[in-house]
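A.B. asks: Let me see the structure of the following:
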Amino acid sequence: MTIAIDVQFAVQSSQLPGRHSIFKWARKALEDYPRNTGLSIRIVGEDEGVELNRRWRQINAPTNVLSFPAGDSEIVNHHSLGDIVICAPVIEREAGEQGKTAEAHYAHMVIHGVLHLLGYDHKKAGDAEKMEAMEAGILANLGFADPYTME
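C.D. replies: Numbers count the residues shown, from 1 in each chain. Below is the predicted model of the structure:
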């Protein structure tokens, strides 16, 4: 299995993770995915985060992560899962508020976004518990604390 990940940085910050870390986190979330696949992860500033959230969710504020599933498209022999957009200022602000490192929160949001692209959701309580357990397990495997027991 091969995984193609396009990482784009549309913002600068001293707390941004490196591409290697982002690749590692996304690949870990896709470890059991049985197909050649690709996805893109774009890290944006607050303005782009607000615009995307307004356009796609009708919410006039930035959010930490947005996932845009691609459906059944193929890109150069890879099944495209879609796109993930992470808003750096929100991640860094939330990390401080939650008493965790920016790296841990970025890892969580990459994994969270990938799971959304795989079809997981957290709208219903049972679905949220399953998704949160998966996130916590993947993060633990990467050496990060459970983000749902830190608060």
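
A.B. asks: For Ser40, see how far away the spatially closest residue to Arg27 that is not a sequence neighbour is.
C.D. replies: Using Cβ to Cβ, 6 or more residues apart in numbering and skipping the chain neighbours, the partner closest in space to Arg27 is Ile3 (5.6 Å). Where C-beta positions appear, they are placed from N, C-alpha and C, glycine not excepted. Between Ile3 and Ser40 the distance is 12 Å, computed by Cβ to Cβ, to the nearest Å.

A.B. asks: so what does the strand or helix carrying Ala107 touch, helix or strand wise?
C.D. replies: When elements are assigned from DSSP states H and E, Ala107 belongs to helix 102-117. Packing partners of helix 102-117 (3 or more Cβ pairs under 8 Å, 6 or more residues apart in numbering; DSSP states H and E): helix 19-29, strand 37-44, strand 65-69, strand 78-87, helix 88-98, helix 125-141.

A.B. asks: again, only this time at 7 Å
C.D. replies: Packing partners of helix 102-117 (3 or more Cβ pairs under 7 Å, 6 or more residues apart in numbering; DSSP states H and E): helix 19-29, strand 65-69, strand 78-87, helix 88-98, helix 125-141.

A.B. asks: if you average pLDDT over that helix, what comes out?
C.D. replies: Computed over helix 102-117, the mean pLDDT rounds to 97.

A.B. asks: do the same with stretch 122-131
C.D. replies: Here the average pLDDT along stretch 122-131 is 83.

A.B. asks: Done for today, thanks.
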